[in-house]
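Colleague: Need the 3D shape of this:
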Amino acid sequence: MKALLPAALLALAAAGCAPTRIEDRLVSCPQLSLPADVADLTRHLPGAPPDLSTLVLDVRVSAVDGDCRRGRRDESVETAIGLRMQVDRGPAATGRAAQIPWFIAVLDGDRILQRQTFVLPVAFAPNTTRAEVATQRVPISFPVRQGRRVQELRVLVGLQLSPEELEVNRRRGPR
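Modeller: Okay, the predicted model is just below:
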């Protein structure tokens with residue numbers, strides 16, 4: 001079951017990028033990916049052993065929303081990408097608000113062409129510990145040029161993690 005989660009998220013991402021107009025179906029779009037090691041964020045009290053009593057926040061990306069369409073005068077490909085998340089407030093949380101850092105990066109092979117980091121504020125309703133939230137979609141424009149194919153570019157999305165949080169995810173594996 002755990003091994004199916006990254007595949008399911010990529011399928012959701014691909015479905016979220018499905019064009020709606022017939023002329024957009026002919027547009028080549030950049031590849032969209034959500035690596036499993038940046039799809040979860042678990043935070044505990046600093047310096048405390050990681051157990052349920054020290055859990056402050058647990059976040060899971062549940063879907064990637066996006067679209068891809070032909071730009072004006074066929075000189076670009078336009079995308080708009082966002083994330084949907086399930087956010088759980090742990091017993092060690094001191095308030096009913098959280099800040100969820102996330103990012104979008106455009107890559108050409110292994111080279112980062114553009115990277116943006118965002119923060120999604122989350123407010124938990126009284127007497128609740130879970131919130132289903134969505135980011136605003138971020139528009140990205142890819143110029144169409146001779147000798148460059150847009151589908152060779154990759155758009156990478158995920159949660160912005162500290163090196164320690166990333167290592168925890170890699171040790172734990174996909175959830």
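Colleague: from here on, contacts and neighbour counts on C-alpha atoms
Modeller: Noted.
Colleague: Pro35 versus Gly173, what's the distance?
Modeller: Separation of Gly173 from Pro35 (CA to CA, to the nearest Å) stands at 11 Å.
Colleague: With neighbour numbers in mind, choose between those two.
Modeller: Between Gly173 and Pro35, counting by other CA atoms under 10 Å, Pro35 is the more crowded of the two (17 against 13).
Colleague: quick one: the more buried one and Gly158 touch, right?
Modeller: Yes. With contact defined as CA atoms under 8 Å, Pro35 counts as touching Gly158 (7.2 Å).
Colleague: Which residue, neighbours along the chain excluded, lies closest to Ser62?
Modeller: Distances taken as CA to CA, 6 or more residues apart in numbering put Met85 closest to Ser62, at 5.1 Å, once the chain neighbours are dropped.
Colleague: Can you dump the C-alpha atoms of the helix or strand harbouring that neighbour in CSV for me?
Modeller: Using DSSP states H and E, Met85 maps to strand 76-89. Only the C-alpha atoms of strand 76-89 are listed here, as CSV (Å, rounded to 0.1, in the frame of the first residue of the first chain):
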residue,chain,number,x,y,z
SER,A,76,4.3,30.2,-24.5
VAL,A,77,2.8,27.4,-22.5
GLU,A,78,1.0,28.6,-19.4
THR,A,79,0.6,26.4,-16.3
ALA,A,80,-0.9,27.0,-12.9
ILE,A,81,0.1,24.6,-10.1
GLY,A,82,-1.0,24.2,-6.5
LEU,A,83,-1.1,21.6,-3.7
ARG,A,84,-3.9,20.2,-1.5
MET,A,85,-2.8,19.0,1.9
GLN,A,86,-4.1,17.3,5.0
VAL,A,87,-2.7,19.1,8.1
ASP,A,88,-2.9,17.5,11.6
ARG,A,89,-2.2,19.5,14.7
